[in-house]
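Engineer: can you look at this prediction? I've put the sequence above it.
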Amino acid sequence: MVGYGAGALAVLALSIGLVLIVYGGGLVQIDILNIPAWILGPLGIYTLIYGVLSKKDTLFYSIWGVIMLGITSTSALYNFVNPLIILGILIIIVVVFVFIMRVGLRK
C-alpha cells in the first residue's frame, strides 16, 4: 500500500491541476469560496478511503477524511444549504464514526 503522504501529494497535485484547467479554460466562473471544494474534496475522499483500508490510525484518517468532506460540502453548497446544517451533520457523522470504531476495537 502506498504511504499516505505520497498518495495525498499526488491527489493534491491532481486537484490543483484540475482547478487550474477548469478555471483557466473558462469552463467555470471563478468563485473563491468554491476552491476549497475542488482541493479538499478529492483529498478528503482519499483520506477517508486510506483510513478505512489502513491497519494503523484508522480512526485518525477516517475522521480527518470526514472533516475534509464536510468543508468540501460547505464550500460547494454554501449558496443552497446553510453551513450550520452541514456542520451539524458533520458532527453527528464524526460522533457515530468514533462510537462505531471504539465499539469495534473492544471486540
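Structural biologist: Good, I have the coordinates. Numbering: from 1, shown residues only.

Engineer: name the helices or strands packed onto the one helix or strand residue 23 maps to?
Structural biologist: Taking DSSP states H and E as the definition, one finds residue 23 inside helix 4-24. With contacts taken as 3 or more CB pairs under 8 Å, 6 or more residues apart in numbering; DSSP states H and E, helix 4-24 sits against helix 35-53. Just so you know, the C-beta spots here come from the backbone N, C-alpha and C atoms, and that holds for glycine as well.

Engineer: which other residues reach the helix it packs on?
Structural biologist: If you take CB atoms under 8 Å, 6 or more residues apart in numbering as the criterion, helix 35-53 is touched by 1, 4, 7-8, 11-12, 14-16, 18-19, 22, 57-69, 71-73, 75-76.

Engineer: could you list the low-confidence segments of this structure?
Structural biologist: 1, 104-107 (pLDDT under 70).

Engineer: pull out the buried residues from stretch 80-96.
Structural biologist: Buried residues in stretch 80-96, counting neighbours by 16 or more other CB atoms under 10 Å, are found at 86, 90, 94.
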